[in-house]
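>>> A predicted structure for the sequence below; I have some questions about it.
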Amino acid sequence: MLRLEGFKVKTASAKRNKAVRLIEMLGLIIRFHKSTDLVLIDTYGATNFYYAYLVGRFCQFFDIPYIPILHGGNLPERLDKDPKFSKNLFGNAYQNIAPSNFLKNEFEQRNINRIYLIPNSIDLKNYPFKPRTVFRPRLLWVRRFQYRYDPKMALNVLELLAENYEDAELCMVGPEKDGSMQDCKRLAKKKNLNVKFTGKLKKVEWAELSKDYDFFINTTTIDNTPISVIESMSLGLPIISTNVGGMPNLINHNEDGILVPSGDAEKMASEIAKIIEYPKRGESLALNARSKAESFDWQMIRKDWLEVINNGC
C-alpha cells in the first residue's frame, strides 16, 4: 500500500531460519542507512521482540528515525519481563503505532508515551461480503497453531455441536508452530470429528474458502486485534470470540459479534446454536460487522499513516 502511495520501500525478512532472518534485517539497515528516511518495525511480544530491539539499536546507531508497529496481545507481558530493553526500544522511537486502544492503554500505563493509534488495515475489495440467511454449524478457524491460541477449544466446540447437528464441521487454517496442530489432529481422530486441516493459506485462498462456512470462531487466550477477525467481519461471517485482550475493543458484544469467556467451549457452542435456530440474529451481527470492517479499509486508514510517515521523514 505504501508503494502505491509513491514511497520507495525495502523489506526484510521472509526467511524461515531465525538467524538468517535477523542477519537480513540488520544487513538491510547497514546497506541502506544513508538513503533511508524511516524504518517501520513490526514488533511482537515473543522471540521476535528481540529482532525489533536489535533493529531499533541499529537505527539508533545510524541515527535513523524508527517506528515500532505493535502486534500481539502478549506485548504487555514483554514490557514487564524486559523493562530495560522495552524502554530502550519504545522510548527512543520516533513514534509507536498501536492498532488498538488495548495496547495503547497498556503502554501508557507503563509510562511509555508517543503511542499513536492507527487500526490494522485491510484492502476491503479482497474480502467480498457474502450474505447468509441460513446458518449451519460450519465453523472456520484461522490462526497459527500455538497453544496460547487454544486450538483445542475449537475442537471442543465442534464436539458439543455435533451432539445435536450431524452436519457440524470445522476447518482449521494455519501453519504449525509448537506441536499443537498435531495434538489437534490426534484429538480429532480420537473423537471422530469432522475437521479439515489446510495448513497455511494465502489470504485470498482462505477468503475464497470462507464461502463454504457460516461462522468464524476465535478461541485464543491472549490477543490484540487480529487481522483475521477483521477480514472475517468483512466476509460476512458472524464472529464468536473469546473475550480476551483487545477483543472487546474490536467487537461490541451482541452487536457485531459475540464474546464468551476464555476456554468456555460450552458457551461458544451455545451462542452458535442460538444463531442457527434464530438466523435473523446472525444476519444482524454479520451486517453490523461488515459496516465496522469498512472503517478498517486502507482508504480510511491511509491518511493517518501518511501523516505519521511524512512528519517522520
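Yep, it's here. Numbers count the residues shown, from 1 in each chain.

>>> if I look at Phe85, how far off is Arg3?
31 Å (CB to CB, to the nearest Å). Any C-beta I mention is one placed from the backbone N, CA and C, and that applies to glycine too.

>>> Neighbour count for those two, which is higher?
Per other CB atoms under 10 Å, whichever of Phe85 and Arg3 has more neighbours is Phe85, with 18 against 9.

>>> now the more buried one, nearest residue through space, not along the chain?
Tyr53 (5.1 Å; CB to CB, 6 or more residues apart in numbering).

>>> what does Phe197 give?
Met172 (5.3 Å).

>>> Now do that neighbour against Ser262, distance only.
Counting by CB to CB - Met172 and Ser262 are separated by 18 Å.

>>> now the strands for the stretch 101-250 of the chain?
Secondary structure of the stretch 101-250 of the chain, counting by DSSP state E, counting those that start in this stretch: strands at 115-117, 138-142, 169-173, 195-199, 215-218, 239-242.

>>> so which of these gets nearest Leu70?
strand 115-117 (8.2 Å; CB to CB).

>>> What is the closest one packed up against?
With contacts taken as 3 or more CB pairs under 8 Å, 6 or more residues apart in numbering; DSSP states H and E, strand 115-117 sits against strand 96-98, helix 101-109.

>>> which of these sits most buried?
Most buried of the helices and strands packed on strand 115-117 by mean neighbour count (mean count of other CB atoms under 10 Å) is strand 96-98; its value is a mean of 24.

>>> quick one on the thing from earlier: can you put the strands of the stretch 101-250 of the chain in TSV and add distance to Ile30, mean neighbour count and mean pLDDT?
Putting those into TSV (distance: least, CB to CB, whole Å; neighbours: other CB atoms under 10 Å; pLDDT from 0 to 100) gives the following:
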stretch	distance to Ile30	mean neighbour count	mean pLDDT
strand 115-117	28	15	94
strand 138-142	36	24	98
strand 169-173	37	22	98
strand 195-199	35	15	97
strand 215-218	40	27	98
strand 239-242	42	24	98
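
>>> Mind checking those strands for the one nearest to Arg302?
strand 115-117 (14.6 Å).

>>> Okay, now the sheet partners of that closest one, with direction.
Taking DSSP bridges as the criterion, strand 115-117 forms sheet pairs with strand 96-98 (parallel).

>>> what about the strand it pairs with, distance to the chain center?
Distance of strand 96-98 from its chain centroid, counting by CA atoms, centre = their mean, to the nearest Å, is 15 Å.

>>> Which residues does it contact?
67-70, 90, 104, 107, 112, 114-118, 308 (CB atoms under 8 Å, 6 or more residues apart in numbering).

>>> The residue nearest to Phe85 sits in which helix or strand?
Element membership for Tyr53, per DSSP states H and E: helix 48-61.

>>> right, and the helix or strand after that helix?
Downstream of helix 48-61, the first helix or strand assigned by DSSP H and E is strand 66-70.

>>> now that next one against helix 101-109, angle please.
Here the directions of strand 66-70 and helix 101-109 differ by 120 degrees (axes from the mean of the first three to the mean of the last three CA atoms, to 10 degrees).

>>> Grab the most central residue of the protein for me.
Pro226 (2.1 Å; CA atoms, centre = their mean).

>>> picking that back up, going by neighbour count, which residues of the helix holding Tyr53 are buried?
Buried positions in helix 48-61, judged by neighbour count with 16 or more other CB atoms under 10 Å: Asn48, Phe49, Tyr51, Ala52, Tyr53, Leu54, Val55, Gly56, Arg57, Phe58, Cys59.

>>> Now for the second one: which residues touch it?
Yep, that's Phe49 we're talking about. Residues near Phe49 by CB under 8 Å, 6+ apart: Thr43, Leu75, Arg78, Asp82, Phe85.

>>> Sitting in helices, which of these do you find?
Leu75, Arg78, Phe85 (DSSP state H).

>>> between the residues you listed, which is nearest Gly245?
Closest to Gly245, out of all of the ones in helices among the contacts of Phe49 and judged by CB to CB, is Leu75, at 9.7 Å.

>>> does that closest one really touch Asn48, like I thought?
No: using CB atoms under 8 Å as the test, Leu75 is too far from Asn48 to be in contact (10.5 Å).

>>> hmm, back to that, would TSV of the strands of the stretch 101-250 of the chain with distance to Glu294 be doable?
Compiled in TSV, these are given as follows (distance: least, CB to CB, whole Å):
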stretch	distance to Glu294
strand 115-117	18
strand 138-142	20
strand 169-173	24
strand 195-199	27
strand 215-218	17
strand 239-242	15
